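1. Prediction below, plus the sequence it came from.
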Amino acid sequence: MDMNLNELTVNSQMLIETYLLPWGSKILLALLIFIVGRMVARLIARGVGKALTSAHLDPILVNFAGAVVNTALLVLVIIFALSQLGLDTTSLVALVGAAGLAVGLALKDSLSHFAAGVMLIVFRPFKLGDYVEVGGVAGSVDKISIFSTRLKTPDNKVVTVPNGNIFGNTMTNYSEESTRRIDLVVSISYGSDLLKAKHLLDDIVGSHDKVLKDPAYRIAVSELADSSVNFIVRPWVNAADYWDVHFELLETIKLRFDAEGIEIPLPQMALHINKPE
């Protein structure tokens, strides 16, 4: 009995020294690394979020960036913790890399839209409320998100444009500057009084209360066309007044020209018919 008890004690001691102590310390170290690493990852993610928030970036980008940083760091912590258990993490790293590549290929278009959205939020070529022309669509910017931008057209339609289609193409922002120039072409017939027409245009534009004095407007003969003499009329206005002044000038010019006998020619085509003798 004493012999069996001694053998059991010796075997238990060998088990503890051979397996329990080494593996226990490894498991405790791995758990410690995981717990501390997870806390550090969260702190770093929060720091990144605060830094992006202080830079006045979009909250969507801030939250997404924080989640990406936290997840990436957590994966590194798990791999490092597993390596402390003596496990071969080379295959695990390769598996994570392969999974990331597969996801990247599957979401290639979405990732391109996401990258474009980040660039739009960082560089801000336009902001909410701006009237822009992007991706072949014109409208007021209603919402900028990570993957797409929502525009509201003048007739109150909502159009969603993928960010990749915006950042990879020409963007026109009509609201970036505080003033805009109206470009009108006004035609009169060759039989009308050119100087009188020019004087009328100057009076119409110069007396409009929303036309800016500086920069000065420009009125000049631009072309002697086939059936008309064409004037360019280029007044400067505040951006918010652009369409109001545009429409008002066209209406006033037509009414004043009619009242003063200045003819606006219609397109004409001469047709010659040869009769057989």
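-> Noted; the coordinates are in hand. Model, not experiment: these values are computed from the prediction.
2. which residues touch the one helix or strand residue 201 maps to?
-> Applying DSSP states H and E as the criterion places residue 201 in helix 194-206. With contact meaning Cβ atoms under 8 Å, 6 or more residues apart in numbering, helix 194-206 is reached by 186, 188, 211, 217, 219, 221, 229, 231, 233, 235, 249, 252-253, 256-257, 260, 262. C-beta coordinates here come from the backbone N, C-alpha and C atoms, glycine included.
3. Pull out the buried residues from these.
-> Using 16 or more other Cβ atoms under 10 Å as the burial test, those include 186, 188, 211, 217, 219, 229, 231, 233, 235, 249, 252-253, 257, 262 as buried.
4. Now tell me what touches stretch 237-253 from outside.
-> Contact with stretch 237-253 is made by 174-175, 177-182, 184, 186, 200-201, 204-205, 208, 210-212, 233, 235, as judged by Cβ under 8 Å, 6+ apart.
5. Look at the closest residue to residue 157 other than its chain neighbours and tell me its secondary structure.
-> The shortest distance from residue 157 to any non-neighbouring residue, by Cβ to Cβ, 6 or more residues apart in numbering, is to residue 139 (7.8 Å). Here residue 139 is strand, with the state taken from DSSP: H, G, I helix; E, B strand; the rest coil.
6. what helix or strand does the most centrally placed residue in the chain sit in?
-> What sits nearest the mean C-alpha location of the chain, by Cα atoms, centre = their mean, is residue 120, with 3.9 Å. Using DSSP H and E, residue 120 falls within helix 108-123.
7. Also residue 79?
-> helix 59-83.
8. Identify those among the buried ones among the contacts of helix 194-206 that sit within helices.
-> Here DSSP state H is the test, and those give 249, 252-253, 257 as lying in helices.
9. number of nearby residues for residue 245?
-> Burial of residue 245 is recorded as 21 neighbouring residues (other Cβ atoms under 10 Å).
10. For stretch 117-131, list every residue counted as buried.
-> Result for stretch 117-131 [16+ other Cβ under 10 Å]: buried residues 117-118, 120-121, 126, 130-131.
11. now for it, what's the gap between its first and last residues?
-> 18 Å (Cα to Cα, to the nearest Å).
12. show me what contacts the residue nearest to residue 157?
-> Residues in contact with residue 139, defined by Cβ under 8 Å, 6+ apart, are 131-132, 151-154, 157, 159.
13. Of these, which pair is most distant in space?
-> Within the contacts of residue 139, two members stand farthest from each other by Cβ to Cβ: 132 and 157, at 15.0 Å.
14. higher neighbour count, those two?
-> Neighbour totals were compared for residue 132 and residue 157, and residue 132 leads with 23 against 10 (other Cβ under 10 Å).
15. helix/strand/coil for that one?
-> Here residue 132 takes the strand state, with states given by three-state DSSP.
16. Touching, it and residue 169? I think so.
-> No. Applying Cβ atoms under 8 Å as the test, residue 132 and residue 169 come out as separate, 11.8 Å apart.
17. Now residue 218. Nearest residue, chain neighbours left out?
-> residue 234 (4.4 Å).
18. Turn the ones in helices among the buried ones among the contacts of helix 194-206 into a markdown table, columns for pLDDT and distance to residue 113.
-> Putting these into a markdown table (pLDDT from 0 to 100; distance: Cβ to Cβ, whole Å) gives the following:
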| residue | pLDDT | distance to residue 113 |
| --- | --- | --- |
| 249 | 97 | 41 |
| 252 | 96 | 46 |
| 253 | 96 | 46 |
| 257 | 96 | 51 |
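19. Out of these, which is nearest to residue 163?
-> Comparing these against residue 163 with Cβ to Cβ places residue 249 closest, at 37.2 Å.
20. Distance of the closest one relative to residue 211?
-> 8 Å (Cβ to Cβ, to the nearest Å).
21. which residues do the two both contact?
-> With Cβ under 8 Å, 6+ apart, residue 249 and residue 211 have common neighbours 205, 235.
22. Return stretch 238-253 as CSV; C-alpha atoms alone will do.
-> What follows is stretch 238-253, C-alpha atoms only, in CSV (Å, rounded to 0.1, in the frame of the first residue of the first chain):
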residue,chain,number,x,y,z
ASN,A,238,-24.4,86.1,-56.4
ALA,A,239,-24.5,82.3,-56.7
ALA,A,240,-27.9,82.1,-55.0
ASP,A,241,-29.4,84.6,-57.5
TYR,A,242,-28.2,82.8,-60.6
TRP,A,243,-31.4,81.3,-62.0
ASP,A,244,-33.6,84.2,-60.9
VAL,A,245,-31.5,86.7,-62.8
HIS,A,246,-31.1,84.4,-65.7
PHE,A,247,-34.8,84.0,-66.3
GLU,A,248,-35.6,87.7,-65.5
LEU,A,249,-33.1,89.0,-68.0
LEU,A,250,-34.4,86.7,-70.8
GLU,A,251,-38.0,87.9,-70.2
THR,A,252,-37.0,91.6,-70.0
ILE,A,253,-34.9,91.5,-73.1
